[in-house]
Each structure stands twice: as structure tokens, then as C-alpha cells.
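>>> have a look at this prediction, sequence included:
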Number of protein chains: 2
Amino acid sequence: MAPLSQQMQQLSETCSHCSLRYLCLPDHLDSHDLEKLERLVDSGAPVLAETELFAQGEGLTHIYAVRNGSAKTVRIDEEGFEQILGFYYPGDILGFDGFADQHHHCSAVALETSHFCRIPVDQLDALVDELPSLRQRLVRLMSQVLSEDGRMMLTLGRKDSEGRISSLLLGLSRRRALRGMPASSVPLNMKRADLANFLSMRLETVSRVLTRLQRAGVIKVSQNRVDILDRDALRERSSRGAWVADQS
Amino acid sequence: MAPLSQQMQQLSETCSHCSLRYLCLPDHLDSHDLEKLERLVDSGAPVLAETELFAQGEGLTHIYAVRNGSAKTVRIDEEGFEQILGFYYPGDILGFDGFADQHHHCSAVALETSHFCRIPVDQLDALVDELPSLRQRLVRLMSQVLSEDGRMMLTLGRKDSEGRISSLLLGLSRRRALRGMPASSVPLNMKRADLANFLSMRLETVSRVLTRLQRAGVIKVSQNRVDILDRDALRERSSRGAWVADQS
DNA sequence: CGTTGTTTTGACTTTATTCAAGCATGGTGG
DNA sequence: CCACCATGCTTGAATAAAGTCAAAACAACG
């Protein structure tokens, strides 16, 4: 249950009044341009947990911004393997990967009952041609994702199980801080299996690492929430777990 | 030693006559738009092996297209760990990750003596505002990279050493096919340590897997070249090595 | 309460890493 | 022209980490 005040601010209908505008598409747009963007945005009905927002392979008609709640993106590759690509929180954009060929390359699924802003791609496209500031903003956001992906590949490739969990927790915490929410109490809206899939570990290992970290007094685990008790120790573990590559 | 004909075609000065135009930025541009793009492109001096094209942290002034030769991108993260993010071949674009904040988030290094097309970002930016077709092309290319990254995360996270090597070899082979080069003979321009770093394995493991695959008659390894003898077997191993995630 | 789904814990096995040594290759200078 | 060194690659034996399978604990929900 989110506090009422938070629900109120997040449900504000217009971008200009949205508490997330500095994270989301509107950032760096002047009020005139913002108004035009605003007219495209449609805030639809609530999306229930486990419901698909869009499906892999589907044509790209809209991109989405998380208004409140959370989501994950899942990709099933040619060989039939399922991989969670990311978790998304208020202000994050879903659907960028579809610009390549106008089709979604992953599915998006709500982790809990959530609200999303829907933006029709064709209209966005037209507006982008009109507003250089919006184009720049879009390119920056996409580029940011690229940069994030690089970081993730590093985590997956080079850290042991403890390093991965620690990195993930710090990452989620940081993203909460960006949104002005308490950063030391991180809700885990997803199942352990989701975490395991995302971090490429088995869920048993996720569980073991979480209890190990708890026993070490670094975090406190309770159901769907992790409290960070010793941030420095967590940071230390997130990098200690990484190994140094051979020199080329 | 590349055959002369290949050198000739790749060194063609204009995009319109470049054999790589359908892979590279020019694709989908009409001749009028292409001409304008062409004027921005500067084909500089050859870049020697191990030389940096641009450095992480540096301001984004140009993006680069590989004209001939090859390159790798390397990122050093906050914790000082070095990770190779990708290998690049003729027609590939380097520098997209810099659009986020006008600074490069990785370094680019030539793997061998190579030529690159340099495109000044400020001029490109202006041209993008002018030409919707170019904007669309750029967005598509970036989106493609995003999609590729997703695939890579899957490989890193979910495949064992044999699966990773097999996937890499198939990937390199596919990219050669796209460029009209013999796909069954894949040159490994990079060192084993680079491969190991990229795939997040130790170089000893890379070595062991290559010999294992060779003993199984799937490939033939010679110095800096791998011949694919049994593509189906390689494909089989590239997916066999992957494990199935727990259901969420 | 009992049923179902999720998470934790335990014992055992597999896999890749580590450390250490040996083998090729290619370039340099005697 | 060949011995020698540097660099990069391969191989081997021991170790540590994470995966597997199986079962028990815990929560949530009707």
C-alpha cells in the first residue's frame, strides 16, 4: 500500500504536473513543447499484476511510461529461452527496442497493479520531426539504456552470485533515491524466480545469498522487502565479487 | 592480406559507391539525402592495431563507421573492471553510447590496421533535424544495438562455456555472411584474452573449449582463424549449453 | 484448516577457475 | 642462419563456486 500522497502526485493527469517529469520523456522540454507532447499521452486503465502490456513480436503502436507500480520485460530467444531484460519503475520508458523494425522484441508484464502512460508511436514520430528538443531527449534516453545494458553485461559476466545480488540491490536502491523514495528500504515486487532469471542464477542461489547477506548483518530480508543496514558493506561485496580479466 | 578487389571496393570514397551502404548509415536514404550525408563523412588516415579511436570519458565529437579492418569497444566501470562490449566490422557504427551525455562511455580500439569514416556529431545532429529519413535510420540502428545487447545478455547469463564460444563463432560467421564474405572461415582478429574477456571466461577455458570443439570435429582451429566444419553441430552446442530458467 | 504456490535449507555433483608448467611462433641480434 | 627471448596459446591437477535434486518450512487464500 503506497501512501495516499504518493498516489495522488503520481496520478496527476498532465506531464507538466507530473512528479516524474524530470526522469521521464518531458525532461528538458520547454512548456510549449511539453504541451504538445502532453496531448499525445493517454493514461489508460490500471494494468493488473501478471498482465501483458505488449507482447514480443507484436507491432509497435505505443511506447509506455510507468506512471506507478512496476513492470518487467521478458524476451524469448530463438532457442526458446526466456530472459528477463529489466525491471521498470515510475518514469521509466518501455518499448524502445521496437524502433528497430516497428515490432516489439520483448514482452512487458506488470509486476503488480500498475498505471502506464501510453504514447502512440506514429504521432510521437511526427512530433519528433517537429521538435528537436524531443528528438534529443529520445536519443538520450535510448543512449542511456545502451549504457545501462553495458553495465549489466558487466555484472552478469564478471560477478559471482553475491556480487550480482549486491549490485542489484544497490541499483534498485539508487533508482528509488532518484525518485525521492526511501532508498534503504527496497521492495522486491518480483518473485525470487524473476530475480534469479534476471541475474542468471538459480532461485536456490538467490535465496542462499540473501540469507548469507542477512546473517552477515548487511541487509534485513522480510518477504518482499529488503532493508539495507550497511550500505558500505554491500558496496564492498558488490565489487569484491568481481574478478579481473586477463590482460590482452 | 585481403584480396585487392576487396580493398578497392572498401576504400571507395563516397557512401553512394560504398559496398557497405546497405549495412551502414546510408541504408534507406534516397540519393539526394545521401549526398548531404556524404559531405559530412571524412575518411581519415589508417588506424594502427591497438590504437584508440576514442577514449572513455572523452567528449563526443564524432561517430565512426568501420570502413575496413576491425575494432573492439572496452569499458572500464566504476570499480575498475575492464569489459569488452563488442567487436566491430566493416559497416558497423561506433559511438552511439555517447549520445546520452555527449561523452563516450567506452573506448574504441582497432584490432588491426583499419580505416574508419569519421562523422562530426554536431553536423550530423543538424542534418538529422533536416532529414527525417536519416533520423529514422539512426534510431533503427540504435534500436538494433539494444536488441543485440539483449541477445548478448542471454548468452552471457545462460550458456556454459561451450555454448558461449559456439554462439560467438556463429555470430561472427553470420556477420561475415551479411558482408558477403565466406562465412565458414572466421578470422579471429582478437587475442584469446579478448575473447575470454568478452565472453566472461578465463582464457584457459576459451582455449580448452576451442580444442574440445576441434577434437569433436565441429571446427578446425588454426592460429587466428576458425573453420566451421559442421555448422549444425555448432548450432546444437550453442543452444544445448543453455539452461532453462525456473518458472515465475 | 487444508491446499497451493513460493521460499528456504541440505547433501551431492558438475563446471569452471586457479596455479603452474610446457609448447609454438615470430622477431632480434650475434 | 640460427640461438634466444618475448608473447601468446595450450594443457594438467587441485580447488572453489554454483548447479541439481529432493524435501521441509512458510505464506497466502479460499
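Arrived safely, thanks for sending. Residues are numbered from 1 along each chain as shown, chains lettered A, B, ... in the order given.
>>> can you list the domain ranges for chain A.
A:7-151, A:159-240 (automatic domain parsing).
>>> who are the contact partners of the nearest residue to A:Asp227 once chain neighbours are set aside?
Leaving aside its chain neighbours, A:Asp227 sits nearest to A:Lys220 (4.2 Å; criterion: C-beta to C-beta, 6 or more residues apart in numbering or on different chains). The C-beta positions use only the backbone N, C-alpha and C, and glycine is treated the same way. Contact partners of A:Lys220, counting by C-beta atoms under 8 Å, 6 or more residues apart in numbering or on different chains, are A:Gln214, A:Val226, A:Asp227, A:Leu229.
>>> which one of the residues you listed has the most neighbours?
When neighbours are counted by other C-beta atoms under 10 Å in any protein chain shown, A:Val226 leads the contacts of A:Lys220 with 25 neighbours.
>>> quick one: that one and A:Leu169 touch, right?
Yes. Taking contacts as C-beta atoms under 8 Å, A:Val226 lies within contact range of A:Leu169: 6.0 Å.
>>> count of residues packed around A:Ile219?
Around A:Ile219 there are 25 residues (other C-beta under 10 Å).
>>> so it bridges to which residues?
For A:Ile219, the beta-bridge partners are A:Ile228 (DSSP bridges).
>>> how near is it to A:Gly86?
Noted for A:Ile219: a distance of 22 Å to A:Gly86, by C-beta to C-beta, to the nearest Å.
>>> mutual contacts of A:Val226 and A:Leu169, please.
In contact with both A:Val226 and A:Leu169: A:Val186, A:Ile219, using C-beta under 8 Å, 6+ apart.
>>> quick one: contacts for the spatially most central residue of chain A?
What sits nearest the mean C-alpha location of chain A, by C-alpha atoms, centre = their mean, is A:Tyr88, with 2.3 Å. A:Tyr88 makes contacts with A:Val66, A:Ser70, A:Ala71, A:Lys72, A:Thr73, A:Leu94, A:Ala108, as judged by C-beta under 8 Å, 6+ apart.
>>> buried subset of those residues, written for PyMOL?
To isolate the buried members of the contacts of A:Tyr88 in PyMOL, using 16 or more other C-beta atoms under 10 Å in any protein chain shown:
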select buried, chain A and resi 66+70+71+72+73+94+108
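>>> A:Leu154: which of the contacts of A:Tyr88 is nearest?
A:Thr73 (19.4 Å; C-beta to C-beta).
>>> how about residues contacting the helix or strand encompassing the closest one?
Counting by DSSP states H and E, the element that carries A:Thr73 is strand A:71-76. When contacts are defined by C-beta under 8 Å, 6+ apart, strand A:71-76 is touched by residues A:53, A:56, A:82-88, A:94, A:105-111, A:114, A:116, A:190, A:194, A:198, B:150, B:154.
>>> helices - which of those land there?
Judged by DSSP state H, the subset of those located in helices is A:Asp194, A:Phe198, B:Gly150, B:Leu154.
>>> distance to DNA strand C added to those residues, as JSON lines?
As requested, the ones in helices among the contacts of strand A:71-76 are exported to JSON lines (distance: C-beta to the nearest atom of the strand, whole Å):
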{"residue": "A:Asp194", "distance to DNA strand C": "8"}
{"residue": "A:Phe198", "distance to DNA strand C": "13"}
{"residue": "B:Gly150", "distance to DNA strand C": "21"}
{"residue": "B:Leu154", "distance to DNA strand C": "15"}
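>>> just the residues you listed that are near DNA strand D?
Residues of these in contact with DNA strand D (C-beta under 7 Å from any atom of the strand): none.
>>> coming back round to it: ok, so of the contacts of A:Tyr88, who is nearest B:Asp122?
Nearest member of the contacts of A:Tyr88 to B:Asp122, counting by C-beta to C-beta, is A:Leu94, at 30.9 Å.
>>> any idea how far the residue in chain A positioned nearest to DNA strand D lies from A:Gly57?
Nearest residue of chain A to DNA strand D, counting by C-beta to the nearest atom of the strand: A:Asp160, 2.7 Å away. A:Asp160 sits at a distance of 35 Å from A:Gly57 (criterion: C-beta to C-beta).
>>> the two: which is more packed in?
Ranked by neighbour count (other C-beta under 10 Å), A:Asp160 and A:Gly57 place A:Asp160 first, with 16 against 11.
>>> backbone phi and psi for the more buried one, please?
Taking degrees, to the nearest 10, you get phi -80, psi 180 for the backbone angles of A:Asp160.
>>> next one: A:Thr205 relative to chain B, how far apart?
11 Å (C-beta to the nearest C-beta, to the nearest Å).
>>> and A:Leu124, which of the three is it?
For A:Leu124, the secondary structure call by DSSP: H, G, I helix; E, B strand; the rest coil comes out as helix.
>>> contact partners for it?
With C-beta under 8 Å, 6+ apart, A:Leu124 has these contacts: A:Leu40, A:Ile63.
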